[in-house]
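Undergrad: sequence below, structure please.
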Amino acid sequence: MNAYLEIIRPGNAVMAAIAVILMMFVGHYYDLPIIICALIVFVCTGAGNTINDVFDVKIDEINKPNRPIPSGRISLENARNYSYLLFAIGVALSFVCSYMVNSIWPSVIVIPAVIIMYLYARNLKAMPLVGNLTVATLTGFCFVIAGTVIACATNSLKILFISIYLGLFAMFMTLAREIVKDMEDIEGDKLEGARTFPILYGKKIPSIVSIILIVVTTLMCPILYIFKIFNVSYMIIMIVPIIIFLYSAYSLKLDPPEETCAKVSKNLKIAMLISFLAFVVGSFDIFNFIF
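TA: Next up, the predicted model:
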């Protein structure tokens, strides 16, 4: 793989852009501004991944020597400039998007998100829980920026409220999963001298926090059906992730071993993907069409 493509972690960037595509289907809006929005999220996520590698170069030289920078395929200076270029492209595209929907709000969201990505790579990720919360917030931003673009283009606040709800759903579950991942990696992080939430406070408190986040997110699931935002097919599909969420919360007992944390992290990711599918299907009258 080309080093400049590899360093942006395209799989990760595509997953972020998928949040925008989901909102495109949920909002039934398929015009150019939302496509540009997906491109903005992809480019900015790639820029964030690149600047992460720049600041993590010393760690990667030991743990990930085959990454583009430590392997010498990209110099540190070129990687830094590449991330700045990608950030600049993302911001420039946000201005284009704002112009197309006749609102400054898309840029108002993108610019702080870019700043947060840079600060996360530089120092926020080293701060216990703050780094986890930053990742979760940026995940939620992907939905909100898409909802903002659609709302501005269609003059509909309804889709903005839906995007905020879905953004909170993604943020809470991502935060829970980030904490669980830190619990999974606790021994390796100790060897690297990291100061993660589980290392500083043990597994009991992080487990409780994760369980609360998972349960709260699970309780949020029926809301969009109750308020008739999504149809009954949404709730039918959501039965599967709800079961997985609750089982994951149950699995996170007060001192779960690393193997359990790894399984919970994987299960939460699978459940979130199924939930995203439910969002899309629930926005169409598929169930009524079949029956």
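Undergrad: for this structure, which helix or strand comes out least confident on mean pLDDT?
TA: When each helix and strand of the chain is scored by mean pLDDT, DSSP states H and E, helix 286-290 comes last, with a mean of 47.
Undergrad: what is the longest helix of the chain by residue count?
TA: helix 157-184 (DSSP state H).
Undergrad: buried sites along that helix?
TA: Judged by neighbour count (16 or more other CB atoms under 10 Å), helix 157-184 contains these buried residues: 159-160, 162-163, 165-184. From N, CA and C alone the C-beta is placed, and that goes for glycine too.
Undergrad: one more: stretch 61-69?
TA: Across stretch 61-69, burial judged by 16+ other CB under 10 Å covers 67, 68, 69.
Undergrad: which residues does it contact?
TA: For stretch 61-69, the external contacting residues (CB atoms under 8 Å, 6 or more residues apart in numbering) are 3-4, 6-7, 53-54, 57, 60, 70-71, 74-76, 79, 192.
Undergrad: 10 Å instead, please
TA: By CB atoms under 10 Å, 6 or more residues apart in numbering, the residues outside stretch 61-69 that reach it are 1-9, 50, 53-54, 56-57, 60, 70-76, 78-80, 82, 188, 191-192.
Undergrad: again, but for stretch 156-167
TA: Applying CB under 10 Å, 6+ apart, the contact partners of stretch 156-167 are 19-20, 22-23, 26-29, 105, 136-137, 139-154, 220, 223-224, 227, 229-230, 275-276, 279, 283.
Undergrad: inside helices: which ones of the residues you listed?
TA: 19-20, 22-23, 26, 105, 136-137, 139-154, 220, 223-224, 275-276, 279.
Undergrad: now a ChimeraX select for only the buried ones of these.
TA: To isolate the buried ones among those in ChimeraX, judged by 16+ other CB under 10 Å, type:
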select :19,20,22,23,26,105,136,137,139,140,141,142,143,144,145,146,147,148,149,150,151,152,153,154,224,275,276,279
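Undergrad: against residue 130, how distant is the residue most central in space within the chain?
TA: Among the residues of the chain, the one closest to the centroid is residue 139, at 2.7 Å (CA atoms, centre = their mean). Taking CB to CB, to the nearest Å as the criterion, residue 139 is separated from residue 130 by 15 Å.
Undergrad: after the helix or strand harbouring residue 58 comes which helix or strand?
TA: With secondary structure defined by DSSP states H and E, residue 58 is part of helix 57-63. As assigned by DSSP H and E, the chain's next helix or strand after helix 57-63 is helix 76-101.
Undergrad: and that next one, what does it pack onto?
TA: Judged by 3 or more CB pairs under 10 Å, 6 or more residues apart in numbering; DSSP states H and E, helix 76-101 is in contact with helix 3-6, helix 32-55, helix 57-63, helix 105-122, helix 130-154.
Undergrad: give me the angle between the second one and helix 105-122.
TA: When you say that, I think you mean helix 32-55. Relative orientation of helix 32-55 versus helix 105-122 (axes from the mean of the first three to the mean of the last three CA atoms, to 10 degrees): 10 degrees.
Undergrad: what is helix 32-55 packed up against?
TA: With contacts defined as 3+ CB pairs under 10 Å, 6+ apart, helix 32-55 has these neighbours: helix 3-6, helix 10-26, helix 57-63, helix 76-101, helix 105-122, helix 130-154.
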